[in-house]
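>>> Predicted model, plus sequence, below.
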Amino acid sequence: MASVDDVAACFSESYEEARSKFLAAAKEKDAEMHSLPVTEDEDGKYTIDVAVLRKPGKGVVVISSGTHGVEGYAGSGIQLGLLRHWQELSIPVTAVFIHAVNPFGMAHFRRFNEHNVDLNRNCLLPHEFEKLQTQDQIAPLYDSFDPVFNPTSPPSWFYRNMGVWVRMASYVAAYGIGYIKTALVGGTYTKEKGIFYGGRELEPSHVLLRDFFKEQFGGLPAREIAWVDVHTGLGPQGVDVLLGSEGDRQTLEEKFPKVDGEFDGVQVVSGERGVDLRCAGEGLEVNSARFSSSQSAGYEYTVGVLSAPWVTQWFPPDSGRVLMVQQEFGTLPPMAVARALMLENSGFHYDRSNHHFWRTFTQDAFYVRTDFWKERVLRRGMDVFQKMAKDCEEAHLANPRWGMDGMESCVGWRAQGKNVRRDVFSSGKGRGRGRGATNANGKQWSAQDSPAQAPAPVEIKEAPPKIPPEPPVDGTTIMLRNLPAKFSQQSMLQLLNDNGFQGKYDFVYLPMDFRNGTNLGYAFVNTLTHQDALEAMDAYQGFTGWADGSDKVCEVSWAHPHQGLEEHVERYRNSPVMHPVTPEEYKPMVFANGQRVPFPAPTKAIRAPKMKSDRSSGGAAALTDAKS
């Protein structure tokens, strides 16, 4: 659909030009417009501009540009292309166009915002920022490369053309590319002038977006929201990849099959699992042998990303989960992109009067100004948007689809003493659009978490009341949430046995992340009797006595949709989690008379689970080094 005329009309050479084109195109389509002022300086005002094209049906599809400033020229081009062809696209749901999440960065060709903050490392709660200030295990790794990441004076001609390459090559030879990439993309929460600085509080752009969505769409179910956040920089030039959550892998892979030389498929960014893992006291294991050519490699400990778990918090807590992807278009080789960030950032802080020169490095690194690249961006970006819109339309026509690999969504009734109240929880695997509104560490968002700099609160529209389903009669299966990141299968059994439940359960399952060897934060336990289940709920609701000193607060609910030993055996016996390649400590367990017994045999062939590939083992499936 993208044409030569589209390429000329949709792409811009400045923030002002891009904004002017966007506003004009949105006005032509009679879009509902919102301007969210972010900041201003002597050069002008910087706003997030939002265009809404409403449809009477359910569902909202969102496309955002410029989360990383200079990368916004690609996303802006896609947004213009969509608006130019709006009538012929026949999008069936409400569409929201967010133009320039980081307008200051886009205007100045910076990846970072007016406070030098990387907005894709900033989606965190106050207690998480505080923890990263003092307990961040990535900090020593980042600091070891600080001299090359963050020069403290304007780089000379020799350094920027030769010296920086020599220095980076020496680090690669000494440490391996995996260490460097993990440190770089993991970022810093203490070096305010450093690249990939995540900040100390939620930035104004994120506060504005959160409040806007709560005001305009806060009553909608999260499962009916689909979101594409457009980025550039990672991967081969002109080839895009979709980065998403593990819980959405199956859905995304079905919708977006890999196309060699054009689309690198769906990749999972596992770092969204939270701050606790990154700040684990026993330290992190980073092995350069794990490094691969995939765009998502090295992001295992990256936190604060604008992702599905973060955005889902803006919607009712019992309404599923947002389907969200980052669409990333390749530009230059990784080392060239890193060099551009280092040079521009140094020039911005130490040679501001000449920043017009230093910003050319990031402009060239993140915005390839060729017709081929622009045409590919337009065509692929518009295609992904249309398919995500279709997902919104489908999401409200049927119940949320359960996940796979044993990681199903769970509707539950949270125990509070002898009372229960209804909540919805999710596993984070498979389709997983049933995830509740919690942050990456499982804690509920509250209005009090808004930083001091937030604008005046807006009136939030209440979600319509919903009739809760009945809790299970004589239920025996419970779900424990908010387990510590390093909690193991043995830890789970010890927790049960030490609190008087030995011999009172016949099924235990602690789902694990196959790519980093840590649990997913929850577990299922089936007790022998309903009374045993009630006692377990009383014992573990609000539990904080973890052996590792974690500050997590355990939450307990009835499991749904499966209750009882028989249903769980049928659920998992043919699941990939029971494949022979899966380690025993990752599998569901069945017990009789207090002793573990063999799990009932499968009734059909089991497909192998997807596990991290280790180049050092010849490409064979292998678990990451974080495996215990």
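In hand now; what should we look at? Numbers count the residues shown, from 1 in each chain.
>>> all helices of the stretch 51-200 of the chain, in order?
Counting by DSSP state H, counting those that start in this stretch, the stretch 51-200 of the chain has helices at residues 72-84, 86-89, 103-107, 126-135, 139-144, 146-149, 157-158, 164-175, 177-186.
>>> Please name whichever of those is nearest to residue 359.
Closest approach to residue 359 among these (Cβ to Cβ): helix 103-107, 10.0 Å. Just so you know, the C-beta spots here come from the backbone N, C-alpha and C atoms, and that holds for glycine as well.
>>> which strands and helices sit next to that closest one?
helix 15-28, strand 32-41, strand 44-53, helix 72-84 (3 or more Cβ pairs under 8 Å, 6 or more residues apart in numbering; DSSP states H and E).
>>> Lowest mean pLDDT among the helices and strands of this protein, which one is it?
strand 419-425 (a mean of 32; mean pLDDT, DSSP states H and E).
>>> Past it, which element shows up next along the chain?
Later in the chain than strand 419-425, the nearest helix or strand by DSSP states H and E is strand 477-481.
>>> Please save the CA atoms from the very next helix or strand once past that next one in CSV.
Going down the chain from strand 477-481, the next helix or strand is helix 489-498, by DSSP H and E. Taking C-alpha atoms only, helix 489-498 is exported to CSV below (Å, rounded to 0.1, in the frame of the first residue of the first chain):
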residue,chain,number,x,y,z
GLN,A,489,10.5,-26.0,43.8
GLN,A,490,12.2,-27.1,46.9
SER,A,491,11.4,-23.8,48.6
MET,A,492,7.8,-24.3,47.7
LEU,A,493,7.6,-27.7,49.4
GLN,A,494,9.5,-26.5,52.4
LEU,A,495,7.0,-23.6,52.8
LEU,A,496,4.2,-26.0,52.8
ASN,A,497,5.8,-28.6,55.1
ASP,A,498,7.1,-26.1,57.6
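>>> ok, and for helix 489-498, which residues are buried?
489, 491, 492, 493, 495, 496 (16 or more other Cβ atoms under 10 Å).
>>> So which elements touch it?
For helix 489-498, the helices and strands in contact under the criterion 3+ Cβ pairs under 8 Å, 6+ apart are strand 505-509.
>>> Could I get the buried residue list for the helix or strand hosting residue 364?
Under the criterion of DSSP H and E, residue 364 resides in helix 355-366. For helix 355-366, a neighbour-count test (16+ other Cβ under 10 Å) marks 355, 358, 359, 361, 362, 363, 364, 365, 366 as buried.
>>> can you redo these as CSV with pLDDT and distance to residue 74?
Converted to CSV, the buried residues of helix 355-366 look like this (pLDDT from 0 to 100; distance: Cβ to Cβ, whole Å):
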residue, pLDDT, distance to residue 74
355, 97, 22
358, 98, 21
359, 98, 17
361, 98, 17
362, 98, 13
363, 98, 12
364, 97, 14
365, 97, 12
366, 98, 8
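>>> Adding distance to residue 304, write those out as JSON lines.
Putting the buried residues of helix 355-366 into JSON lines (distance: Cβ to Cβ, whole Å) gives the following:
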{"residue": "355", "distance to residue 304": "26"}
{"residue": "358", "distance to residue 304": "26"}
{"residue": "359", "distance to residue 304": "24"}
{"residue": "361", "distance to residue 304": "25"}
{"residue": "362", "distance to residue 304": "21"}
{"residue": "363", "distance to residue 304": "25"}
{"residue": "364", "distance to residue 304": "27"}
{"residue": "365", "distance to residue 304": "22"}
{"residue": "366", "distance to residue 304": "20"}
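>>> Next, the buried residues of the longest strand anywhere in the chain.
Among the segments of the chain that qualify as a strand by DSSP state E, the longest is strand 225-237. For strand 225-237, the neighbour count (16+ other Cβ under 10 Å) marks 225, 226, 227, 228, 229, 230, 231, 232, 233, 234, 235, 236 as buried.
>>> Mean neighbour count, mean pLDDT and distance to residue 327 for the helices of the stretch 51-200 of the chain - can I get that in a markdown table?
Listed next are these as a markdown table, based on neighbours: other Cβ atoms under 10 Å; pLDDT from 0 to 100; distance: least, Cβ to Cβ, whole Å:
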| stretch | mean neighbour count | mean pLDDT | distance to residue 327 |
| --- | --- | --- | --- |
| helix 72-84 | 28 | 97 | 8 |
| helix 86-89 | 12 | 92 | 17 |
| helix 103-107 | 27 | 98 | 17 |
| helix 126-135 | 17 | 93 | 26 |
| helix 139-144 | 18 | 91 | 27 |
| helix 146-149 | 17 | 93 | 26 |
| helix 157-158 | 8 | 95 | 36 |
| helix 164-175 | 14 | 87 | 28 |
| helix 177-186 | 22 | 86 | 17 |
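>>> Out of those, which gets nearest to residue 528?
Ranking the helices of the stretch 51-200 of the chain by their distance to residue 528 (criterion: Cβ to Cβ) puts helix 126-135 first, at 38.3 Å.
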